[in-house]
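1. for reference, the sequence and a predicted model appear below.
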Amino acid sequence: MVRNLKAPFGLNTEDQNLFPLIEEIAANINNNFRKEEFPEVLKSAWSVVVKTTFINSRTLLVLIREDTDLNEFEEIARDTVNDYVEFDERLTIIISKIKDSRFVEIMINSD
């Protein structure tokens, strides 16, 4: 399977067994790409974010500046985070200050 921007769904294959799955494969590739780009999207959207790190495939740690009120930022984050989500996979965002043991969790794409 190779990328071909002129082909349907941006992929092409000569393998007839894979051909019926191209749409699903392309959707999964795009979903994974968007999830991997999500930390940078949050950093550019929220100016108080200092660092973002995936702890594992389902958990993103977001560290905010020390001078930020965690409770106020939690409200802003909960109200706006879904505006930036372009993937279907579940994700837990843990928000904390750099030198603080307190944190908040926000669930993305949870049922």
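-> Received, thanks.

2. quick one, strands of this protein?
-> Applying DSSP state E to the chain gives strands spanning 2-3, 11-12, 49-56, 59-64, 91-97, 103-108.

3. wait, which of those strands is closest to residue 75?
-> Checking the strands of the chain against residue 75 by CB to CB gives strand 103-108 as the closest, at 9.8 Å. In short, each C-beta sits where N, CA and C put it, glycine included.

4. let me know the average pLDDT across the closest one.
-> For strand 103-108, mean pLDDT rounds to 96.

5. list the buried residues for that strand?
-> Going by neighbour count (16 or more other CB atoms under 10 Å), the buried part of strand 103-108 is 104, 106, 108.

6. point out where this protein drops to low pLDDT.
-> The chain contains residues with pLDDT under 70 at 1, 28, 30-32, 111.

7. swap in 90 and give it another go.
-> 1-36, 86-89, 98-100, 109-111 (pLDDT under 90).

8. so which of the strands of the chain gets nearest residue 20?
-> Evaluated with CB to CB, the strands of the chain place strand 11-12 nearest to residue 20, the distance being 12.4 Å.

9. what about residue 46, how many residues nearby?
-> When neighbours are defined as other CB atoms under 10 Å, residue 46 has 19 of them.

10. what's the answer for residue 95, then?
-> Residue 95 has 25 nearby residues by other CB under 10 Å.

11. now do the one 3 residues further on
-> The criterion is other CB under 10 Å. On that basis, residue 98 has 10 neighbouring residues.

12. give the contact list for it.
-> 50, 51, 63, 64, 65, 66 (CB atoms under 8 Å, 6 or more residues apart in numbering).

13. please redo it, this time with the cut-off set to 7 Å
-> 50, 63, 66 (CB atoms under 7 Å, 6 or more residues apart in numbering).

14. now the buried residues of strand 103-108 as JSON lines including distance to residue 24?
-> Below are the buried residues of strand 103-108 laid out as JSON lines (distance: CB to CB, whole Å):
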{"residue": "104", "distance to residue 24": "35"}
{"residue": "106", "distance to residue 24": "29"}
{"residue": "108", "distance to residue 24": "22"}
